[in-house]
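In: quick one, structure for this:
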Amino acid sequence: MALEIERKFLVKQENLPELHGGQYIIQGYLLEVPSIRYRLLGDSIKITVKELRPDGSRQEIETFNPSSTQEEQDALKRISLAPPIEKIRYELPYGGLIWEVDVYQMENRGLITVDVEIPEVGYFLTFPKWVNWERDITHDSAYFNINLARRPYTTWQIR
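Out: This next block holds a predicted model:
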């Protein structure tokens, strides 16, 4: 079981470098607590179980099916708590860490966020110029992917 400590921020789109080689992700949720999510990555399926801990870190268990059928993928979409979200993920190295930029698609188009996994709680981050460090959305539930599925970004009145 892995321990995940992650921070999430909005992006200064005007400072974002040109993005290449992203992976298209369709992501849905089967259970909210603990979080059980799936990601459709082409023909593969990754299922992740995450349990939130009091310090903000999460215990994480993942399983991977490298070759799923369309029937299996359709079944996951059908039993989801909400319609799945779609995003393209790009990985950008900076400061010895991998920053994952998510460019949301479909009902969440216009939203770009960045996640960074840190080695320990309280880790001091140095930020690339394209990260809006003043907009730490790690604990802002509106930006949780399950809530973006329920209430997409394009429906927000104030952004």
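
In: dump stretch 113-121 to CSV, keeping only the CA atoms.
Out: C-alpha atoms of stretch 113-121 as CSV (Å, rounded to 0.1, in the frame of the first residue of the first chain):
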residue,chain,number,x,y,z
THR,A,113,-4.8,22.3,-12.9
VAL,A,114,-1.5,20.9,-11.8
ASP,A,115,-0.8,18.2,-9.2
VAL,A,116,2.5,17.5,-7.6
GLU,A,117,3.3,14.6,-5.4
ILE,A,118,5.6,15.5,-2.6
PRO,A,119,7.8,13.2,-0.5
GLU,A,120,6.5,14.3,3.0
VAL,A,121,3.9,16.5,4.7
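
In: quick check: longest helix in the protein by residues?
Out: Longest helix in the chain by number of residues, with DSSP state H as the criterion: helix 70-78.

In: dump the residue contacts of Leu10.
Out: 112-114, 132, 135, 137 (CB atoms under 8 Å, 6 or more residues apart in numbering). Using the backbone N, CA and C atoms, a C-beta is placed for each residue, glycine as well.

In: got it, and Glu6?
Out: Taking CB under 8 Å, 6+ apart, one finds 58, 115-118, 138 in contact with Glu6.

In: can you give me the strands in the chain?
Out: For the chain, applying DSSP state E gives strands covering 2-4, 6-11, 23-31, 35-41, 44-52, 58-65, 85-94, 97-104, 112-117, 131-136.

In: which of the ones you listed sits closest to Lys77?
Out: strand 23-31 (6.2 Å; CB to CB).

In: give the partner strands of the closest one in its sheet and their orientations.
Out: The pairing partners recorded for strand 23-31 under DSSP bridges are strand 35-41 (antiparallel), strand 85-94 (antiparallel).

In: helices and strands of the chain: which one bottoms out on pLDDT?
Out: One helix or strand of the chain scores below all others by mean pLDDT, DSSP states H and E: strand 2-4, with a mean of 81.
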